[in-house]
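In: Build me a model:
(one chain, ligands or ions: 1)
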Amino acid sequence: MASWQAHFVSLLLRTTFKPRLTKALEATDARRLLESGAAHKVPDDLDVQPGEVAGIPGEWVVRHGTVPKATLLHLHGGGYFACSARTHRPYTCFFAAQGFRVFAPNYRLAPEHPFPAAIDDVLRVYLSLVEALGGAGSLVVTGDSAGGGLTLALMQRIREASRPLPAAIALFSPWTDLATTGPSAIENEASCSMFVSEAIRRGAAGYLDGADALHPHASPLYADLRGLPPMLVHAAEREAMRDDSTRLVERARAAGVEVEFRLWPVVHHDWQMFQPFIPEARESLTIASEFLLARVAHTTTEAPAPRRTRDAVPDVEVCIVGSGFSGLGMAIRLEQSGIGSFCVLEQSGEVGGTWRDNTYPGCTCDIPSHLYSLSFAPKTDWSRMYPTQPEIRAYLHDCVEHFGLTNRIQLNTRLESAEYDEARGLWNVHTPTGSFSARFVVSAIGGLHRPAIPALPGIESFAGPSFHSARWDHGVDLRGKHVAVIGTGASAIQFVPQIASEVAQLDLYQRTAPWVLPKLDRAIGAREQWALRHVPLFRTLCRWRLYWRQELFAFGFTLKPQLLDRARRMGLRLLRKQVPSEALRAQLTPDYQPGCKRILISNDYFPTLTQPQVKLVSAGIREVRPHGVVTDDGIERRADVIIYGTGFQATDTLGPLRVTGRGGARLDEVWRGGMHAYYGTTVPRFPNFFMISGPNTGLGHNSVIFMFEAQIGYVLECITTMRRQGLRTLEVRAHVEADHNEAVQHRLRRTVWATGCKSWYLDANGRNVTLWPGFTFDYWRRLRRVDWRAYRTEGTESTPA
Ligand SMILES: Cc1cc2nc3c(=O)[nH]c(=O)nc-3n(C[C@H](O)[C@H](O)[C@H](O)COP(=O)(O)OP(=O)(O)OC[C@H]3O[C@@H](n4cnc5c(N)ncnc54)[C@H](O)[C@@H]3O)c2cc1C
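Out: Next comes the predicted model:
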């Protein structure tokens, strides 16, 4: 029994589509008709990317984050004069969902390009794929209707060229007889939901353009079928082209070809195109997938290993790792530049990076909102001068939606390791859900995403709840509790004022007092928002005013630390104003140059410390006990909850991530003596690997988004130039990178960060591996154009202009 859906669609086609197709005399009319309903919804877990193989355009369809089981070349139907990869997504998407990496070429169509143009095109595609894969053992070919006939023509051409045949083929209602001699063309004329014999003959004449209809490449039914690969054929019992299949199967079997054949009742010609609605379509495609995969599994063990080739086809062109500001910024620019093939891996279940993780009370940014946003994704309705965490988080979500990135991002997918395959010039990317290959990897994993918990003796013995500020446990009720806060950095000074009023006692353990300056925050009114939205010049001026205000600090930080005396005076004035107790003021007065550690801004931190239930403890911590914290002076203070405001592992951003470059070089080992990179972006022996917010690109004075944008533009120029010029790999020259880092370290020695304090900017060897030692516009200027002399490129003799 056929399904009601099959009955229904067949009836619908017979009464509406067939009469119109019968009447359509011009190819253009028929083309319009056949392509009219092409709106297949691509499932979220699939990625459809325009691409080209051997210069023939088409579409790649892959499933996110899975290891492709085989490569499938699908040749679409459409009578050789209509349709495309796009119209035939019901096929390509189905096969991709089954684990195939699918390419559907847009071969040339008649009547503009008559027989044998289509065959020439698909042969080029096929041979290029074989070359890229290092063999045909994991390659299968499928075709529907005219695409079925084309598949058989392709097999003959491959055989004639003595090239390897695919592991298997599958044909759906194949059109194999352009002479239309099968009885079904007449017998089924009434029952067929799509064609009358006259329309079939007309289509054939348009394609043949005078060539002989009995030519075996045009009508493979008349071909010598010996030696063809295992073949699955599915056709409809009552379609006009039924006998194109039945006679083909007979002849193929007689020629010794392994054939699996099935005639389906009630369904119409090429019914698999309706796979979302018709159960028989899904059943047919499932059977075909299993047939093909079984043959692939059988032959791949014998297939030759992939070999060096310039045309290796990656699963995805660019793989971005991380969906914070830098990863999303990169994704937006790739999307805008038309590089369709990219994905974003995100280990967490949500985008946003820092601004997703840090949900502690009072979390805000220290950079004004207009500046702390992507210039190519301006937001005009910030509610305050300094944005809060929920507002930035929402902004990043808006960016994903506005730029249509949702399908690009693979959440809950951690990059565990990536290794460079020198033979193929591709990165093999491994996640817990699968592996795939990418031409370029862009690491946007951020610098402040790995919480640092101090190695305090007895820390594991603590009996109460404890958490890091970046992993705030909102389930812990702090009301009436004795809370120990360890650390007085950027996060602590934001959340301490928020929680102080609800706890019974707050002990704030301080190792070093921070420099704190007033925060010039205010709400942004409706009129200002209106102007920002409707007057672009005003918006630009606001951004630039804020930029230059922040940039002035670079003079003091990097050229003349003495210039920071003004900041010192402001900080001391704030202390005097807000902290009446001389003893507390003394505790809170830093003993190092302002700027050596990050300067913080707050209006409520100092007043909070004057509250009776808040105690600033500046003695060092000796140990943690089950119910308290003991300081070096031997005093144990009760603690029901411990909150670590102890920052991040900023000098070891890789963590467990394994990145293996050329010659087995491991990034964690290359960085054992401290992180380094060429402008924080590329590293020798790691070809086609880029970083955003890499070593020495952080800032102490301005918005890092400005730095990210400089790097994003740089990476984009590398990628687009390489693609344009056919370059396969790019690798920074070791001596160039070494000289660059020497210069950076030399400049850093003259900055405020080298004036003797202990900060998270420095690594275990005292090397500043986090900050850029100058003006941000200088960094931008240096990255504005790629200096190709710094790179070794492969794939062409010439150096890009
Ligand atoms: C509390 C706080 C306040 C800050 N305030 C300021 C400020 O005022 N001004 C300023 O300029 N900067 C500030 N920063 C710095 C901030 O980190 C950057 O401004 C910026 O948000 C970093 O963006 P990012 O995309 O580079 O990294 P992140 O935001 O850290 O994003 C990295 C992403 O990569 C993902 N990821 C990491 N490893 C993997 C992996 N192996 N596989 C898959 N995904 C992975 C992470 O889950 C994360 O989503 C602040 C940081 C914090 C923590």
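
In: helices or strands up against the helix or strand hosting G206?
Out: Using DSSP states H and E, G206 maps to helix 197-208. Counting contacts by 3 or more C-beta pairs under 8 Å, 6 or more residues apart in numbering; DSSP states H and E, helix 197-208 is packed against helix 18-23, helix 184-187. Placement of C-beta: from N, CA and C, glycine included.

In: repeat that for 7 Å
Out: If contacts are counted by 3 or more C-beta pairs under 7 Å, 6 or more residues apart in numbering; DSSP states H and E, helix 197-208 sits against helix 184-187.

In: Let me know the helix or strand that P43 is in.
Out: With DSSP H and E as the test, P43 turns up in no helix or strand.

In: And for G147?
Out: helix 146-160.

In: So what touches that helix?
Out: 75-80, 118-119, 122-123, 126, 141, 143, 165, 169, 171-176, 216-217, 220, 223, 227-228 (C-beta atoms under 7 Å, 6 or more residues apart in numbering).

In: Give me the angle between that helix and helix 197-208.
Out: Compare the direction of helix 146-160 with that of helix 197-208 by axes from the mean of the first three to the mean of the last three C-alpha atoms, to 10 degrees and you get 40 degrees.

In: and the very next helix or strand once past helix 146-160, C-alpha only, in CSV?
Out: Reading on from helix 146-160 to the C-terminus, the next helix or strand found by DSSP H and E is strand 168-172. Presented in CSV, the C-alpha positions along strand 168-172 are these (Å, rounded to 0.1, in the frame of the first residue of the first chain):
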residue,chain,number,x,y,z
ALA,A,168,28.9,2.5,-6.3
ILE,A,169,26.2,4.5,-8.1
ALA,A,170,22.5,5.1,-7.4
LEU,A,171,20.0,6.1,-10.1
PHE,A,172,16.5,7.4,-9.4
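
In: Contact residues of the stretch 701-801 of the chain facing the ligand?
Out: Proximity of the stretch 701-801 of the chain to the ligand (C-beta under 6 Å from any ligand atom) is limited to residues S703, V704.

In: ditto for the chain
Out: 321-327, 345-348, 353-354, 358, 363, 365-367, 414-415, 444-446, 448-449, 490-491, 657, 693, 703-704.

In: change it to 5 Å
Out: Residues of the chain lying close to the ligand by C-beta under 5 Å from any ligand atom are 321-322, 324-326, 345-348, 353-354, 358, 365-367, 414-415, 445-446, 448-449, 657, 693, 704.

In: Among those residues, which lie within helices?
Out: Per DSSP state H, helices hold the following members of these: F325, S326, T354, V704.

In: Give the PyMOL command for selecting the buried subset of these.
Out: To isolate the buried subset of those in PyMOL, counting by 16 or more other C-beta atoms under 10 Å, use the following:
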select buried, resi 325+326+354+704
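
In: Specify which member of the ones in helices among the residues of the chain next to the ligand is nearest to L371.
Out: Nearest to L371 among these, counting by C-beta to C-beta, is V704 at 10.3 Å.

In: So the closest one is in contact with A710, correct?
Out: No - contact criterion C-beta atoms under 7 Å: V704 and A710 do not qualify, at 10.4 Å.

In: residue contacts, the closest residue to the ligand within the stretch 501-650 of the chain?
Out: Residue nearest to the ligand within the stretch 501-650 of the chain (C-beta to the nearest ligand atom): F648, separated by 6.5 Å. Residues near F648 by C-beta under 7 Å, 6+ apart: L448, H449, R450, P451, A452.

In: And for V53?
Out: V53 neighbours (C-beta under 7 Å, 6+ apart): F103, P105, V125, S128, L129, V313.

In: if you set the cut-off to 8 Å instead, what comes out?
Out: F103, P105, R124, V125, S128, L129, V313 (C-beta atoms under 8 Å, 6 or more residues apart in numbering).

In: repeat for E239
Out: Per C-beta under 8 Å, 6+ apart, neighbours of E239: S173, S184, N188, S191, C192, S193, M194, F195, H268, H269.

In: Same question for I287.
Out: L232, H234, R262.

In: tally of neighbours for the second one?
Out: Around H234 there are 29 other residues, counting by other C-beta atoms under 10 Å.

In: What's the local residue count around L563?
Out: 15.

In: tell me the SS of the residue lying closest to it once chain neighbours are set aside?
Out: Excluding the flanking residues, the one nearest L563 by C-beta to C-beta, 6 or more residues apart in numbering is G556, at 3.8 Å. Look at G556: counting by DSSP: H, G, I helix; E, B strand; the rest coil, its state is helix.

In: per-residue pLDDT, G556?
Out: pLDDT, G556: 81.

In: okay but it is in contact with I599, surely?
Out: No - using C-beta atoms under 8 Å, G556 is not in contact with I599; the gap is 10.1 Å.

In: Now do the shared contacts for these two.
Out: Counting by C-beta under 8 Å, 6+ apart, the shared contacts of G556 and I599 are A567.

In: Are we agreed that S10 is in a helix?
Out: Yes - under three-state DSSP, S10 sits within a helix.

In: which residues sit in contact with it?
Out: Neighbours of S10 in contact, by C-beta under 8 Å, 6+ apart: S193, V266, V267, H268, W271.

In: Next: V736.
Out: Taking C-beta under 8 Å, 6+ apart as the test, what V736 contacts is Y678, R789, A790.

In: again, only this time at 10 Å
Out: Y678, T682, P684, D787, R789, A790, Y791, R792 (C-beta atoms under 10 Å, 6 or more residues apart in numbering).
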